[in-house]
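>>> Structure for the following, please:
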Amino acid sequence: MPVKKKDILIIGHAGASAIAPANTLKAFQKAIELKADYVEFDIHKTRDGEIVIIHDSDTMQTTGVSGLIKNMTLKEIQRLDAGEGEKVPTLHQLINLATNKIRLQIEIKATELLDKLIKILS
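Numbers count the residues shown, from 1 in each chain. I've put the predicted structure just below:
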């Protein structure tokens with residue numbers, strides 16, 4: 001049976017991470033421009049209860065500065081460079097960028113954030 005265009009979904013892993021720093025607003029914007037159907041990303045919860053988009057629980061791989069997301073505030077995390085001057089985005093920032101443009105595939109990487117996630121998505 002032939003494959004139809006509708007049968008194939010394009011999912012930007014961490015946004016368009018091959019051409020922009022992974023899990024940044026720049027990578028998500030590029031995925032939108034490239035007409036991906038979804039962006040896939042990981043979420044963690046900060047010490048002050050904000051949901052941020054970053055792959056690992058430690059900021060080291062993304063920013064070159066070691067620190068556990070769960071022990072840092074949003075303000076502390078957003079001082080870090082996630083590549084090319086980009087910051088670690090919040091889920092709210094991505095939702096604002098993505099609404100009516102691209103779908104979201106969320107991977108929950110931390111505990112105790114499901115209730116807040118449900119509230120945000122509702």
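
>>> in the sheet, who's paired with the residue nearest the centre of the chain?
The chain has residue 53 as the residue nearest its centroid, 3.7 Å off, counting by Cα atoms, centre = their mean. Residues in a beta bridge with residue 53, per DSSP bridges, are residue 43.

>>> so what's it up against?
Going by Cβ atoms under 8 Å, 6 or more residues apart in numbering, residue 53 touches 23, 41-43, 88-91, 94. Quick note: C-beta positions are derived from backbone N, CA and C, even for glycine.

>>> The same query, at a cut-off of 6 Å, please.
Taking Cβ atoms under 6 Å, 6 or more residues apart in numbering, we find residue 53 in contact with 23, 41, 43, 89.

>>> Check residue 45 too.
Applying Cβ under 6 Å, 6+ apart, we find residue 45 in contact with 51, 110, 113.

>>> Where does pLDDT dip in the chain?
Counting by pLDDT under 70, the ranges of the chain that qualify are 1-5.

>>> so where do the strands sit in it?
With strands called from DSSP state E, the chain shows them at 11-13, 38-45, 51-53, 103-108.

>>> Highest mean neighbour count out of those?
strand 51-53 (a mean of 24; mean count of other Cβ atoms under 10 Å).

>>> Tell me how far the residue nearest to the centre of the chain lies from residue 39.
Between residue 53 and residue 39 the computed distance is 10 Å (Cβ to Cβ, to the nearest Å).
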